[in-house]
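Chemist: following is a predicted model, sequence given first.
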Amino acid sequence: MSKIQMMTPIVEMDGDEMTHILWGMIKEKLIRPFVDLKTIYYDLGLRHRDETDDQVTIDAANAIKQYKVGVKCATITPNAARVEEYDLKQMWKSPNGTIRAALDGTVFRAPILVKGIEPSVKCWKAPITLARHAYGDVYRNAEMEIPGPGKVELVYTSAAGNEQRILVHDFTDAGIVQGMHNRMSSIESFARNCFSYALDVGQDLWFATKDTISKTYDQTFKLTFQRIFDEEYAEQFKEAGIEYFYTLIDDAVARVMKGEGGFIWACKNYDGDVMSDMVSSAFGSLAMMTSVLVSPHGYYEYEAAHGTVQKHYYKYLKGEKTSTNSVATIFAWTGALARIGTINNNPELVAFAKKLEEKTLAVIESGRMTGDLARMTTVENAQVLASEEFLDAVAEEMR
Ligand code: NAP
Ligand code: MG
């Protein structure tokens, strides 16, 4: 059988622990037998990040700008325990944060639906994709404890030295205060990312904030989305037969719980953080959640939404059997291959990616799955497969 050719490579970012083990097996068992795989390889494993003073992460992000498409394995974000475990030079920043900042992207997360793993919200029939703004607000705030009576004001001093101030609160006793910000350029690129993505996947886009209460801050988000939609996207949405609408976040939550799914829900940073965990767990499992970073310049980075599955890795190191779910990592690869296939007008590669997704889900639907899914499936007598056995079963289906 001749292998499917790739015209240009994708950027491959290897990672840590159990997902690093799955990474190698996915390539060997599911991709290389069928595709003449071309990648520009970066090892973002924690040891190598430490050796290169994290330069490798920056290099990988730059490579995505050159090659347009990247696929990333889960990586350790170091904390104090990891600094000790890996004897690190310093507590390196989250690679995802570094890459996100370099590509100026928005993160879209969507659950993978499969028969036998039913959403706990009964009316959900199609995936709900969450688009989370990944800059500013409470994640870049300034906060202060107020020890006792006194005035708190917001002061803006312009570059020319002019001052604007407003009263936050005239305290009569102790309290707390917080200041946050966002940038117009970031809000605008968030809006464009959401509109382009909606056109790309042909789904309606919802956007929700609390503009009735936050009459300047959230209102600016709302007005910016509407302006960019009217000026740049309204025509294209009409042609594609999809809709954009804004609603208050309270109303959005109520509609989401009563809806059928099949749309994109754009949220500000904090709302997106919280709502994506709610949506993903209600759809079943973090191990069935895909994540793609889309930049307004047309760069795409695919990954699984879960972490490195540390506990399973320690079992693996002791030679014990693991049953780690590789589905979201497989879908990161298929997402990236389908994307580069589309960019290069390579229908064979796009079809391969689709086939691999279908076969992966077919194995689960046949009742063979990893332990995390077996615990919640409605399929009777589900058979629990070990990490490698699951990949072998998919490979068998592919052959
Ligand atoms: P995690 O790796 O997502 O795993 C947490 C637990 O969720 C696991 O112990 C396991 O539960 C279950 N789980 C997650 N993915 C699974 C899968 N594919 N198959 C089966 N079960 C799965 O989160 P963590 O343990 O909090 O974090 C570990 C490391 O990952 C951390 O160093 C963190 O920095 C990193 N992380 C990276 C990313 C990323 O690169 N995108 C994202 C999040 C976290 P059971 O033990 O009950 O089986
Ligand atoms: Mg969160």
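Modeler: Nice, I can see it. Ligands and ions are numbered 1, 2, ... in the order given.
Chemist: mind listing what's buried along stretch 194-202?
Modeler: By 16 or more other CB atoms under 10 Å, the buried positions in stretch 194-202 come out as 194, 195, 196, 197, 198, 199, 201. Heads up, the C-betas are built off the backbone N, CA and C, glycines and all.
Chemist: er, stretch 270-285 I mean
Modeler: 271, 272, 273, 275, 276, 279, 280, 283, 284, 285.
Chemist: closest to ligand 1 among these?
Modeler: For the buried residues of stretch 270-285, the minimum distance to ligand 1 (CB to the nearest ligand atom) is 7.5 Å, reached by residue 285.
Chemist: show me the contacts for that closest one.
Modeler: 117, 325, 372, 373, 376 (CB atoms under 8 Å, 6 or more residues apart in numbering).
Chemist: in helices only, show me these.
Modeler: 372, 373 (DSSP state H).
Chemist: can you flag the buried ones in the contacts of residue 285?
Modeler: The buried subset of the contacts of residue 285 (16+ other CB under 10 Å) comprises 117, 325, 372, 373.
Chemist: what about ligand 1: which of the residues you listed touch it?
Modeler: 325, 372 (CB under 6 Å from any ligand atom).
Chemist: got the buried ones among the contacts of residue 285 as a markdown table, with distance to residue 264 and pLDDT columns?
Modeler: Converted to a markdown table, the buried ones among the contacts of residue 285 look like this (distance: CB to CB, whole Å; pLDDT from 0 to 100):
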| residue | distance to residue 264 | pLDDT |
| --- | --- | --- |
| 117 | 22 | 90 |
| 325 | 25 | 97 |
| 372 | 26 | 92 |
| 373 | 25 | 94 |
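Chemist: the buried ones among the contacts of residue 285: which two are farthest apart?
Modeler: 117 and 325 (10.8 Å; CB to CB).
Chemist: overlap of the contact sets of these two?
Modeler: Joint contacts of residue 117 and residue 325 (CB under 8 Å, 6+ apart) are 285, 288, 373.
Chemist: bridging residues for the closest residue to the last one other than its chain neighbours?
Modeler: Spelled out, it's residue 373. Among residues not flanking residue 373 along the chain, residue 117 sits closest, at 5.9 Å (CB to CB, 6 or more residues apart in numbering). With beta bridges defined as DSSP bridges, residue 117 has these partners: residue 114.
Chemist: hmm, residue 117 is touching residue 364, no?
Modeler: Yes - Residue 117 is within contact range of residue 364, at 7.5 Å (criterion: CB atoms under 8 Å).
Chemist: anything in contact with each of these two?
Modeler: residue 373.
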